[in-house]
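[1] Mind looking at a prediction? Sequence and model below.
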Amino acid sequence: MKTLLKITAGMAGATGDSAKLAEQYAQQWLTQNPGARVVRRDLSSEPVPHLTAERFQAFNTLAEKRTPEQQAIVSYSDTLIGELQAADVVVFAVPMYNFSVPSTLRAYFDHIARAGVTFRYSTEGPEGLIKGKETYVFIARGGVYPQAADTQTAYLRQFLGFIGLTNVRFVYAEGTALGDEAREQTLANARREIASLLAIPQAA
């Protein structure tokens, strides 16, 4: 069964602009893939704990030497990674908060970046181990950020590539806080881009 994993990072949950765009993509993907499923992880309603020394130490402790508390921490991380490994398509809904990604997404990344599990180091440098998946990132921003001021895209591309997600497409809705007309226009543009990604004919 084909699976799409949708990760929503904004504090508005399913009602945020980036989340709505990601859900539009997911629903249209389902239409094109009968019998497939969507796994939804909302980091607002179910936040991933921020990384602490205790949690990091659990990841670095050999399985046979872990305490029950450490094993619970690792098992939680394994669940998040398992969702990624099982997905054919991965979708992120990411608003801009204070010129960066939400801290909930950073916490999620801290729990899926595991040496020997999602990446490994070799004599040729790091190698991502989560491979062969289509990845889409839907970003909503209140303002407009030209390339030099875009602090999200390069970071997301680098991290996702680090764990092996190199086939990444970005869809942006910028200027959502610049008035109703600008908001509707940028969201309409993003919706058209989603249709284009899925090759869905548009009404005249």
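    On my side now, so go ahead. Since we're looking at a predicted model, the values are computed, not measured.

[2] contacts and neighbour counts: CA atoms only from here.
    Fine.

[3] can you tell me how far the residue nearest the centre of the chain sits from L156?
    Of all residues in the chain, the one closest to the mean position by C-alpha atoms, centre = their mean is F92, 3.1 Å from it. Spatial separation of F92 from L156 under the definition C-alpha to C-alpha, to the nearest Å is 10 Å.

[4] Just checking: what are the partner strands of the one helix or strand the residue nearest to the centre of the chain maps to?
    Secondary structure here is read from DSSP states H and E; on that basis F92 sits in strand 89-95. Using DSSP bridges, the strands paired with strand 89-95 are strand 3-8 (parallel), strand 134-141 (parallel).

[5] most tightly surrounded among those strands?
    Among the strands paired with strand 89-95, the stretch with the highest mean neighbour count (mean count of other C-alpha atoms under 10 Å) is strand 3-8, at a mean of 24.

[6] and the residue nearest to the centre of the chain, what does it touch?
    Taking C-alpha atoms under 8 Å, 6 or more residues apart in numbering as the contact definition, F92 lies against 6-9, 22, 135-138.

[7] Return the distance of N60 relative to R183.
    Note on N60: its distance to R183, by C-alpha to C-alpha, is 46 Å.

[8] what number of residues lie near S75?
    By the criterion of other C-alpha atoms under 10 Å, S75 has 13 neighbours.

[9] now it: how far from A63?
    S75 is 11 Å from A63, where distance means C-alpha to C-alpha.

[10] Tell me where this protein has helices.
    Per DSSP state H, the chain carries helices over the ranges 17-32, 53-60, 68-86, 103-112, 153-162, 180-197.

[11] wait, which of those helices is closest to L43?
    Shortest distance between L43 and those, using C-alpha to C-alpha, is found for helix 103-112: 6.1 Å.

[12] what packs against the closest one?
    helix 68-86 (3 or more C-alpha pairs under 8 Å, 6 or more residues apart in numbering; DSSP states H and E).

[13] still on that earlier bit, which one of N60 and R183 has more residues nearby?
    For N60 versus R183, neighbours defined as other C-alpha under 10 Å are more numerous around R183 (18 against 13).
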